[in-house]
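Asker: just coords:
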């Protein structure tokens, strides 16, 4: 077999390998009739909300009193979306946010910012259910409230924040998103991930408190967050999220293979093309 034929055989084997690769968790869920979240669409919607001035939205707090979102203007605001029927992810993110908030209060001082957690699964996320959820973590801070919107208001509310979610057999697949809102009610940054910490929030929060504009995420950090979000896979059987880097690894491997094969092909082409003969000197 010539080298060119070997190259063609290897390229064909690589193509067949990609075509027959195991389906991802999302593909398996779709084949079983489960709903899933389009992660690329979720990221675009979330980022499109940055810079948006939030509209007026009404809620009920844990005591059943009506609260307007505009009542939180005047101070920076951290907004998270949860559902009380979640047994792992929402409790985990709430616990991480609680630790970050406690650290920030020691750093910037108490009462400098507000926090709200919104229950988007209505009518299950009632004021009573949110009160029990907050009590589970012993969250009684004056600057942290758990809010329950009306079911009819949830679509417009989540659209305003760029928050997408999809029902699954085990609950909801949703973006792990924390929105940072300035004192004028405008979203200035979306922060992603389950393990939030004071470092993620400290710098942009201090800028807001100082009256300085919050700059967009640095390129490398933003790229990492995007890759991490796109590679986060929801497992409806366990109700857990896990980071799956299979897709970028496959893409990187495929690109590397393609480049190596192109270099090989170029060298073969140069080796097999006719060589120019030196011209005879004329005396």
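Answerer: Perfect, thanks for sending it. Every value quoted in this text rests on a predicted model; they were computed, and no experiment measured them.
Asker: all helices of the stretch 151-283 of the chain, in order?
Answerer: 154-161, 198-209, 219-230, 246-272 (DSSP state H, counting those that start in this stretch).
Asker: actually the stretch 1-150 of the chain, not the one I typed
Answerer: Using DSSP H, counting those that start in this stretch, helices in the stretch 1-150 of the chain cover 3-19, 25-31, 39-48, 89-108, 127-136.
Asker: Pick out the shakiest of those helices, pLDDT-wise.
Answerer: In terms of mean pLDDT, the lowest-scoring of those is helix 25-31 (a mean of 36).
Asker: Now tell me what touches stretch 150-161 from outside.
Answerer: 45, 49, 52, 54-55, 57-58, 79, 81, 118, 120, 122-123, 149, 164-165, 177, 179, 187 (CB atoms under 8 Å, 6 or more residues apart in numbering). The way it works is simple: take the backbone N, C-alpha and C, and place the C-beta from them, glycine included.
Asker: one more time with 10 Å
Answerer: Residues outside stretch 150-161 that contact it (CB atoms under 10 Å, 6 or more residues apart in numbering): 45-46, 49, 52-60, 69, 79-81, 118-125, 147, 149, 163-165, 174-175, 177, 179, 181, 187, 190.
Asker: Buried members of those residues into ChimeraX, please.
Answerer: Buried members of the contacts of stretch 150-161, defined by 16 or more other CB atoms under 10 Å, are picked up in ChimeraX with:
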select :45,46,49,52,54,57,59,60,69,79,80,81,118,119,120,121,125,147,149,163,164,165,174,175,177,179,181,187,190
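Asker: any idea what sits nearest residue 143, other than its immediate chain neighbours?
Answerer: residue 114 (4.9 Å; CB to CB, 6 or more residues apart in numbering).
Asker: For that neighbour, give me the pLDDT.
Answerer: 95.
Asker: Let me see the contact set for it.
Answerer: So, once contact is read as CB under 10 Å, 6+ apart, residue 114 ends up touching 71-79, 141-145, 181.
Asker: again with residue 190
Answerer: Contacts of residue 190 by CB under 10 Å, 6+ apart are 43, 46-50, 161-163, 175, 177-180, 217, 225, 229.
Asker: nearest residue to it other than its sequence neighbours?
Answerer: Nearest to residue 190 is residue 46, by CB to CB, 6+ apart, at 5.0 Å.
Asker: before we move on, what about residue 198?
Answerer: residue 103 (3.8 Å).
Asker: Burial check on that neighbour, number of neighbours?
Answerer: Neighbour count of residue 103, defined by other CB atoms under 10 Å: 15.
Asker: quick one: low-confidence parts of the stretch 151-283 of the chain?
Answerer: 195, 212, 215-255, 257, 273-283 (pLDDT under 70).
Asker: Of the contacts of stretch 150-161, which belong to strands?
Answerer: 58-60, 79-81, 118-119, 147, 149, 165, 174, 177, 179, 181, 187, 190 (DSSP state E).
Asker: Domain-wise, how is the chain divided?
Answerer: 3-24+245-272, 37-218 (automatic domain parsing).
Asker: Looking at the ones you listed, which one is packed in the most?
Answerer: Mean neighbour count (mean count of other CB atoms under 10 Å) peaks for domain 37-218 among the domains of the chain, with a mean of 17.
Asker: picking that back up, pretty sure the residue nearest to residue 198 sits against residue 205.
Answerer: No - counting by CB atoms under 10 Å, residue 103 does not reach residue 205; the two are 11.1 Å apart.
Asker: Can you check which residues contact both of the two?
Answerer: residue 198.
Asker: Next, work out how far apart the residue nearest to residue 97 when sequence neighbours are not counted and residue 163 are.
Answerer: Nearest residue to residue 97 in three dimensions, chain neighbours excluded: residue 196, at 5.3 Å (CB to CB, 6+ apart). Residue 196 sits 16 Å away from residue 163, going by CB to CB, to the nearest Å.
Asker: now do residue 104
Answerer: Residue 104 is 22 Å from residue 163, by CB to CB.
Asker: Surely residue 112 and residue 205 touch.
Answerer: Yes - assessed by CB under 10 Å, residue 112 is found in contact with residue 205 at 8.1 Å.
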